[in-house]
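**Student:** Could you work out the structure for the sequence below:
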Amino acid sequence: MQLDHDQLRQLLALLGESDIQELKLEGDDFRLEVRRNLPSPAPATVTMVQAPAGPPPLEPGPAAPVGVVPGPSAPPPPAASVRSDLQAVTAPMVGTFYRSSAPGEAAFVEVGSRISAGQPICILEAMKLMNELECEFSGEVVEILVENGTPVEFGQVLMRIKTG
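**Tutor:** Numbers count the residues shown, from 1 in each chain. This is a model prediction of the structure:
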């Protein structure tokens, strides 16, 4: 069984809309565990572990959660005045943000770039996998809020796009 980035994103979106608190999914070369036991609306904890070659272990050990926020979190800082015509592009996973496909290559987008739905806008590296992030709407890039090579968290705003 193969699970690509788009399928994972769709699965997480469906789980976010459901009452399911825990899901375990295993394939030939991966294991996915999703747990959500938080009383307030918060991101689900997602753990993907690359399975070792050879026969599966008899009893899997505990997996380290990815993107877990320890303890009670401080309230978010007050949002700067965000215009209603701006759409935020957020990180769908924990990873490292890259503006181009390779060092020395041109960035996917710059401030002022016109983009269309489905156009690649950045790469998020997670667990040594390069995940190309495509914009879900058309518009003009107004802000790029993350520096190249910077770690990002699930739900963090990466860019703001002026739609329309």
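**Student:** Let me see the ranges of the strands in the chain.
**Tutor:** Using DSSP state E, the strands of the chain run over residues 22-26, 30-35, 45-50, 86-90, 95-98, 114-115, 120-126, 129-134, 139-144, 150-152, 157-162.
**Student:** of all the ones you listed, which lies closest to His5?
**Tutor:** strand 129-134 (4.7 Å; Cβ to Cβ). C-beta: built from backbone N, CA, C; applies to glycine.
**Student:** Can you list the buried residues in stretch 91-107?
**Tutor:** By neighbour count on 16 or more other Cβ atoms under 10 Å, the buried set for stretch 91-107 is 91-95, 97-99.
**Student:** Turn those residues into a markdown table, columns for pLDDT and distance to Val109.
**Tutor:** Formatted as a markdown table, the buried residues of stretch 91-107 follow (pLDDT from 0 to 100; distance: Cβ to Cβ, whole Å):
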| residue | pLDDT | distance to Val109 |
| --- | --- | --- |
| Ala91 | 93 | 15 |
| Pro92 | 92 | 17 |
| Met93 | 92 | 19 |
| Val94 | 93 | 22 |
| Gly95 | 93 | 18 |
| Phe97 | 95 | 12 |
| Tyr98 | 94 | 12 |
| Arg99 | 93 | 8 |
